[in-house]
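**Q** sequence and computational prediction follow.
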Amino acid sequence: GQSLEQPSEVTAVEGAIVQINCTYQTSGFYGLSWYQQHDGGAPTFLSYNALDGLEETGRFSSFLSRSDSYGYLLLQELQMKDSASYFCAVRSRSSYNQGGKLIFGQGTELSVKP
Amino acid sequence: DTGVSQNPRHKITKRGQNVTFRCDPISEHNRLYWYRQTLGQGPEFLTYFQNEAQLEKSRLLSDRFSAERPKGSFSTLEIQRTEQGDSAMYLCASSLATGPNQPQHFGDGTRLSIL
């Protein structure tokens, strides 16, 4: 089967740095994605890691270790608007061959306090 | 690029009624996905199209659910004889078919409430 685990809630203050971890189990692996979702809104793509290491996009970075089946999303210089749910998602190799459906974690609700 | 559009945004109906949702993907995207999301959970995959062909269906998709993409552009998701457990947000996403790193772009969803 396939499953992903991430913390349900994280709280941080404006200007701080926060890390949201994700561990996964999958029968095949073809990349870890991160999505942001504000209340009532659409999930929005943030980043994708296919290989080990760190990918940086502005204030957001994402890390992957395939040997540990582990990744994280790092948010720097937190702003109030970063308060949202963050989802990690995997594409399994088998699903890639069929079009790349995503398997999502349950999400981490990030609350940024002033 | 006008994004993925879903209609209606909200649907309230009585148990046992049929409902249909529409999704208009980003115009050049040939892959279209349907997901379902309940409160406090991540989106769950329902089905997927490449152009007009429905290539994969989740076991979550019972016989009461049917999806079409007749001309490889917009898609519809129909739920027949709705049940309380069908209450959820139904999300549509689209992507290019050029590789696994292509992100899926989601619409704002249709929130279904069964009375």
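**A** That came in fine, so what should we check first?
**Q** tell me the residues on chain B that lie near chain A, please.
**A** Within chain B, the positions near chain A by CB under 8 Å from any CB of the partner chain are B:4, B:31, B:33, B:40-45, B:48, B:50, B:55-56, B:91, B:93, B:95, B:97, B:100-109. All C-beta spots, glycine's among them, are computed from the backbone N, C-alpha and C.
**Q** so which of these belong to strands?
**A** Judged by DSSP state E, the residues of chain B next to chain A include B:31, B:33, B:44-45, B:48, B:50, B:55-56, B:91, B:93, B:95, B:105-106 as members of strands.
**Q** so where's the chain uncertain?
**A** You didn't pick a chain, so chain A it is. Residues of chain A that meet the criterion pLDDT under 70 lie in A:1, A:92-99.
**Q** other chain: chain B
**A** B:1.
**Q** can you give me the neighbour number for the residue in chain A that chain B sits nearest to?
**A** Closest residue of chain A to chain B, CB to the nearest CB: residue A:104 (3.1 Å). Residue neighbour count, defined by other CB atoms under 10 Å in any protein chain shown, stands at 21 for residue A:104.
**Q** how far away is the nearest residue to it once chain neighbours are set aside from residue B:22?
**A** For residue A:104, ignoring the flanking residues on the chain, the nearest one in space by CB to CB, 6 or more residues apart in numbering or on different chains is residue B:42 at 3.1 Å. The gap separating residue B:42 from residue B:22 is 23 Å, by CB to CB, to the nearest Å.
**Q** more neighbours, the two?
**A** residue B:42 (22 against 14).
**Q** re the thing from before, narrow the residues of chain B next to chain A to just the buried residues.
**A** B:4, B:31, B:33, B:42-45, B:48, B:50, B:56, B:91, B:93, B:95, B:100, B:102-109 (16 or more other CB atoms under 10 Å in any protein chain shown).
**Q** give me the nearest residue to the residue minimising distance to the centre of chain B, chain neighbours excluded.
**A** Residue closest to the mean C-alpha point of chain B, counted by CA atoms, centre = their mean, is residue B:34 at 3.1 Å. Of all residues not flanking residue B:34 in the chain, residue B:46 sits nearest, at 4.3 Å (CB to CB, 6+ apart).
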